[in-house]
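**Student:** Here is my input, please return the structure:
(one chain, ligands or ions: 3)
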Amino acid sequence: MEYTVKSGSPEKQRIGCVVVAVYATRKLSPSAKILDEISGGVISNLVRRGEMEGDLGQTLLLHNLENTLCDRVLLVGCGKEKDITTQNFRKANQAMVKRLQASGATEIASYLTEAPVKRRNITWKIGQSIEAIDECLYQFNQLKTDTNLPRRPLRKFIFSVSGRGQLTDGEIAVRNSMAVSTGIKLSKDLANLPGNICTPAYLAKQATTLQEQYPKIKTTVLDEEDMEKLGMGSLLAVSRGSREAGKLIIIEYMAGDEKQDPIVLVGKGVTFDSGGISLKPGASMDEMKFDMCGAASVLGTISACAELQLPMNIVCIIPTVENMPGGKAIKPGDIVTSMSGKTIEILNTDAEGRLILCDALTFAEKYNPDVVIDIATLTGACVVALGSHPAGLLGNHSPLIHNLLNAGEKSGDRCWELPLWDDYQEELHSNFADIANIGGKGAGTITAACFLSRFTKKYHWAHLDIAGVAWKSGHHKGATGRPVSLLMQYILDRYEESKQSS
Ligand code: BES
Ligand code: MN
Ligand code: ZN
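**Tutor:** Numbers count the residues shown, from 1 in each chain. Ligands and ions are numbered 1, 2, ... in the order given. Model (predicted):
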């Protein structure tokens with residue numbers, strides 16, 4: 001999709017469609033008013049007759065409005081003018097796209113950027129529009145032989161800004177958001193691929209491709225022998241049950257000041273989670289191909305950073321395995337030694353995410369990280385606790401938690417903190433090893449994070465449990481690309497902060 005910004009009056013746009021907002025109840029936005037006046041009251045008449053109330057998501061397409069240069073005008077309901085939230089602003093944009101797809105328009109001028117969203121400026125609104133539009137238009141067709149593509153697809157969006165003074169800000173927003181959006185797409189594509197294609201080796205190959213694409217990226221792939229030498233007994237224990245070899249992928253993007261310690265992102269890359277010997281029930285097991293969404297989000301994020309040539313130091317570590325019940329698979333009761341030296345009693349082979357993450361988290365120490373954030377589809381309990389709106393967030397450093405919560409609010413890709421109190425730690429008691437890999441019945445997301453916290457004592461760390469947000473089930477099953485947007489917002493915020501302090 002092509003995106004640009006422009007300032008100018010709606011009636012002067014020689015284009016396929018001009019999109020303007022209507023608020024509830026029946027209140028015209030400034031651009032809608034201009035079009036109304038110039039066309040002799042057509043819009044206000046329709047609104048008065050009840051054709052358009054301005055409710056969120058409502059649309060009305062008009063043709064050949066008098067004294068305008070555009071072919072169509074699309075009215076989009078944005079709900080009450082006073083409470084346009086992030087989520088509502090996105091919904092309005094998506095309603096716009098859905099209606100436009102069913103029209104013949106290919107080039108669009110959107111004036112929805114006029115809509116007032118509390119505490120948000122034009123940069124933000126353009127960014128959110130781009131993400132919402134790309135989300136709406138995303139399709140995963142790689143593995144279909146028969147795809148019905150639209151005959152006249154949308155080609156270009158021009159976002160209106162209120163004056164020439166906003167053009168530069170608008171252009172920066174377009175550049176940033178297009179990079180984020182490309183990262184989201186990469187993340188979705190990888191996650192939507194099935195387990196027989198997207199194996200640990202496949203992820204490693206994709207990471208190596210990034211190195212060819214971006215000169216500042218350096219990719220290293222450790223194989224099982226390398227990991228053996230490092231003492232990663234926990235990661236290797238999970239990998240043993242599969243014919244596919246496990247890997248540790250390391251991607252370094254060091255474009256920042258060399259004195260700046262890196263932000264380290266660790267992404268869970270279980271390319272298929274059968275549960276292992278603690279086999280999962282059959283229903284929906286196919287969705288466990290999404291158990292590498294943490295890895296996918298980390299790859300999407302670092303490629304967006306590289307695309308923007310952001311002067312920051314970022315390291316991604318991806319432990320990737322397939323969790324299978326092969327003849328050599330770990331069994332409940334097995335005890336393994338992690339890279340940290342701690343022994344782990346594996347009481348449930350389906351709690352494999354933490355077993356591969358703990359070695360990756362120990363490995364992260366060598367980067368002397370500024371912060372470490374791990375991203376993982378770690379627990380079904382997180383879906384029970386929070387559903388599919390926010391990711392679960394836990395960690396050992398409150399400024400980091402605070403920054404992530406803020407980045408989530410701003411990007412609309414939200415997370416919500418759960419307590420990581422010491423009270424929960426005793427759940428991980430083992431009679432035979434230093435630590436057990438599962439806790440008791442309750443608070444599964446927290447006890448999983450408690451397990452990880454034993455391996456993150458040497459640095460500032462946060463954990464995002466994305467089990468509820470990384471993909472959608474049901475008829476529209478598919479990866480969401482979350483939390484690339486959150487991570488990029490966090491990194492961009494950190495970049496702004498570093499500019500101010502230097
Ligand atoms: N990948 C799953 C978590 C998961 C389950 C995410 C369902 C999304 C939907 C993880 O490896 C897992 O199996 N966790 C277990 C932990 C339990 C054995 C302590 C779970 O959540 O059931
Ligand atoms: Mn599992
Ligand atoms: Zn898993």
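**Student:** Please work out which residues outside the helix or strand encompassing residue 91 touch it.
**Tutor:** In the assignment (DSSP states H and E), residue 91 maps to helix 86-101. Applying C-beta atoms under 8 Å, 6 or more residues apart in numbering, the external contacts of helix 86-101 come out as 17, 19, 21, 56-59, 61, 74, 76-79, 84, 108, 110, 112, 115, 117, 120, 125, 128-129, 131-133, 135-137, 150, 154, 409, 412. The way it works is simple: take the backbone N, C-alpha and C, and place the C-beta from them, glycine included.
**Student:** Now for residue 151, how many residues are close by?
**Tutor:** The burial count assigned to residue 151 is 6, neighbours taken as other C-beta atoms under 10 Å.
**Student:** A strand includes it, no?
**Tutor:** No. Counting by DSSP: H, G, I helix; E, B strand; the rest coil, one finds residue 151 to be coil, located in no strand.
**Student:** Kindly report the residues of the stretch 201-350 of the chain close to ligand 1.
**Tutor:** 273, 291, 348, 350 (C-beta under 6 Å from any ligand atom).
**Student:** and if we set it to 8 Å?
**Tutor:** Within the stretch 201-350 of the chain, the residues that sit near ligand 1 (C-beta under 8 Å from any ligand atom) are 268, 270, 273, 275, 278, 280, 287-288, 290-291, 323, 348, 350.
**Student:** so which strand or helix has residue 45?
**Tutor:** Per DSSP H and E: residue 45 is located in helix 42-48.
**Student:** quick one: contacts of that helix?
**Tutor:** Residues from elsewhere that reach helix 42-48, judged by C-beta under 8 Å, 6+ apart: 22, 26, 28, 32, 35-36, 52-54, 60, 62, 65-66, 73, 75.
**Student:** Could you do stretch 11-19 as well?
**Tutor:** Contacts of stretch 11-19 (C-beta under 8 Å, 6+ apart): 10, 31, 34-35, 38, 67-74, 76, 96, 100, 103-112, 158.
**Student:** and the closest residue to ligand 1 within the stretch 401-502 of the chain, what is it in contact with?
**Tutor:** Going by C-beta to the nearest ligand atom, ligand 1 is nearest to residue 467 of the stretch 401-502 of the chain, at 3.6 Å. Contact analysis of residue 467 by C-beta under 8 Å, 6+ apart lists 376-380, 382-383, 392.
**Student:** Now go through these and say which are in helices.
**Tutor:** Secondary structure defined by DSSP state H assigns 380, 382-383 of the contacts of residue 467 to helices.
**Student:** Now flag whichever of those residues is closest to ligand 1.
**Tutor:** residue 380 (3.4 Å).
**Student:** Wait, the closest one touches residue 444, no?
**Tutor:** Yes. Taking C-beta atoms under 8 Å as the definition, residue 380 is a contact partner of residue 444 at 7.1 Å.
**Student:** the more surrounded of those two?
**Tutor:** The neighbour comparison of residue 380 against residue 444 (other C-beta under 10 Å) goes to residue 444, with 22 against 14.
**Student:** The more buried one contacts residue 381, correct?
**Tutor:** Yes. Shown here, residue 444 and residue 381 form a contact pair, counting by C-beta under 8 Å, at 2.9 Å.
**Student:** Tell me how many other residues surround residue 373.
**Tutor:** Neighbour number of residue 373 under other C-beta under 10 Å is 27.
**Student:** Please identify which helix or strand holds it.
**Tutor:** Per DSSP H and E: strand 371-376 holds residue 373.
**Student:** Check which helices and strands that strand is in contact with.
**Tutor:** With contacts taken as 3 or more C-beta pairs under 8 Å, 6 or more residues apart in numbering; DSSP states H and E, strand 371-376 sits against strand 263-267, helix 293-307, helix 353-364, helix 398-411, strand 461-465, helix 484-501.
**Student:** Residue 195: what secondary structure?
**Tutor:** Put simply, residue 195 is coil when judged by three-state DSSP.
**Student:** Mind checking if the longest strand along the chain is in reach of ligand 3?
**Tutor:** Assignment by DSSP state E gives strand 313-323 as the longest strand of the chain. No. Interface with ligand 3: strand 313-323 contributes nothing (C-beta under 5 Å from the ion), its closest point being 6.4 Å away.
**Student:** Could you spell out the sheet neighbours of that strand, each with its direction?
**Tutor:** Its sheet considered, strand 313-323 pairs with strand 247-254 (antiparallel), strand 263-267 (parallel), strand 269-273 (parallel) by DSSP bridges.
**Student:** Report the distance from the last one to the chain centre.
**Tutor:** Which is strand 269-273. How far strand 269-273 lies from its chain's middle: 18 Å, per C-alpha atoms, centre = their mean, to the nearest Å.
**Student:** In contact with the residue nearest to residue 406 when sequence neighbours are not counted, which residues?
**Tutor:** Closest residue to residue 406 apart from its sequence neighbours, by C-beta to C-beta, 6 or more residues apart in numbering: residue 493 at 7.3 Å. Applying C-beta under 8 Å, 6+ apart to residue 493 gives the contacts 403, 406-407, 410.
**Student:** Taking the stretch 101-250 of the chain, what residue is nearest to ligand 2?
**Tutor:** Across the stretch 101-250 of the chain, no residue is closer to ligand 2 than residue 238, which sits at 9.3 Å (C-beta to the ion).
**Student:** Quick check: residues of the protein near ligand 3?
**Tutor:** Checking the chain against ligand 3 by C-beta under 5 Å from the ion, the hits are 270, 273, 291, 353.
**Student:** The third one reaches residue 273, doesn't it?
**Tutor:** In other words, residue 291. Yes. Taking C-beta under 8 Å as the definition, residue 291 is a contact partner of residue 273 at 4.1 Å.
**Student:** Those two: which is more packed in?
**Tutor:** Taking other C-beta under 10 Å, residue 291 and residue 273 do not tie; residue 291 has more neighbours (28 against 25).
**Student:** Check the gap between the more buried one and residue 173 for me.
**Tutor:** According to C-beta to C-beta, to the nearest Å, residue 291 stands 34 Å off from residue 173.
**Student:** Over to residue 190?
**Tutor:** 26 Å.
**Student:** again, but for residue 99
**Tutor:** Taking C-beta to C-beta, one finds residue 99 at 24 Å from residue 173.
**Student:** Looking at those two, which has the bigger crowd around it?
**Tutor:** Per other C-beta under 10 Å, whichever of residue 99 and residue 173 has more neighbours is residue 173, with 26 against 20.
**Student:** Does that one touch residue 122 like I think?
**Tutor:** Yes. Using C-beta under 8 Å, residue 173 is in contact with residue 122, at 7.3 Å.
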